[in-house]
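Participant: sequence first, predicted model second:
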Amino acid sequence: MQSKGQVIKKALRCAFPYTLPIFAGFWFLGLTYGIYMNVSGFHFLYPMLMSLLIFAGSIEFVTVNMLLGAFDPVQALLMTIMINARHLFYGISMLDKWKGIGWKKFYLIFGMCDESFSINYTAKIPEDVDKGWFMFFVTLLNHMYWFTGATLGGIFGSLISFNTEGLDFVMTAMFVVIFLEQWMKEKDHTSALLGIGLSALCVVVFGPENFLVPAMAAIVVMLTVLRKPLERKGAAV
């Protein structure tokens with residue numbers, strides 16, 4: 001019979017290797033974000049607190065422009081919902097995996113990001129490792145990687161002098177890489193193709209400035225309608 005301390009340590013040791021690739025990416029992105037905040041005129045406390053309390057990389061980059069512009073809380077709310085609407089899909093997908101893990105669920109909801117979701121959803125957790133603590137440490141480690149990178153970028157950004165134009169594009173590049181990784185992992189690409197097709201259609205119909213919400217709604221409806229056929233197809237693959 002393992003003690004609680006042993007259970008926690010084993011989960012941490014199991015989770016850590018899964019997060020090492022994220023460490024490299026998050027430190028680079030976090031440093032970039034911290035430097036970006038610094039050259040935009042913000043004290044290092046801004047990226048430090050925002051990376052700790054918001055922990056949503058794309059929103060944090062967008063927030064720089066929001067803070068520099070006119071105060072508009074409604075626009076900030078709508079922008080946040082549109083950019084992070086994909087987390088609706090993540091949360092629905094994790095409902096079964098979160099059953100029975102107690103208070104840790106609240107932190108997992110707060111700390112969910114693309115990378116943590118990808119690991120926690122696809123990882124084959126050994127039977128002797130507590131799944132709740134495993135997912136908790138995956139999320140916590142990724143959170144701390146981003147937090148420390150952003151903080152260091154904010155502190156040392158003033159010591160680095162180079163052209164920062166285009167730094168905000170790293171988020172777009174990251175999402176492309178995540179999509180490609182998920183594509184290679186999945187044997188059935190129906191869901192991905194639906195997402196691409198419906199998004200492209202909404203861009204044509206609603207325009208590039210307004211397509212995101214209709215695209216998300218269309219994807220939710222289509223995946224809900226096709227849920228059972230897709231599950232049967234996935235089981236047969």
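Facilitator: That came in fine, so what should we check first?

Participant: low-scoring stretches of this protein, by residue?
Facilitator: 1, 160-175, 177-178, 181-182, 230-237 (pLDDT under 70).

Participant: buried ones in the longest helix anywhere in it?
Facilitator: Ranked by residue count and defined by DSSP state H, the top helix of the chain is helix 4-39. For helix 4-39, burial by neighbour count (16 or more other Cβ atoms under 10 Å) applies to 10-12, 14-15, 18-19, 22-23, 25-27, 29-39. The way it works is simple: take the backbone N, C-alpha and C, and place the C-beta from them, glycine included.

Participant: got it, and stretch 67-77?
Facilitator: Ala76.

Participant: centre of the chain to it, how far?
Facilitator: Counting by Cα atoms, centre = their mean, to the nearest Å, stretch 67-77 is centred 22 Å from the centre of its parent chain.

Participant: how about stretch 196-210?
Facilitator: On Cα atoms, centre = their mean, the centre of stretch 196-210 falls 22 Å from that of its chain.

Participant: what do you get for stretch 8-19?
Facilitator: So, by Cα atoms, centre = their mean, the centroid of stretch 8-19 is 20 Å from its chain's centroid.

Participant: just the CA trace of it, in CSV.
Facilitator: Provided in CSV are the C-alpha atoms of stretch 8-19 (Å, rounded to 0.1, in the frame of the first residue of the first chain):
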residue,chain,number,x,y,z
ILE,A,8,2.2,12.0,-5.7
LYS,A,9,5.9,11.5,-6.3
LYS,A,10,5.2,8.6,-8.7
ALA,A,11,2.7,10.7,-10.7
LEU,A,12,5.2,13.6,-10.9
ARG,A,13,8.0,11.3,-12.1
CYS,A,14,5.6,9.8,-14.7
ALA,A,15,4.3,13.2,-15.9
PHE,A,16,7.6,15.1,-16.2
PRO,A,17,9.0,13.3,-19.3
TYR,A,18,5.8,14.0,-21.2
THR,A,19,6.2,17.7,-20.6
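
Participant: understood, closing this out.
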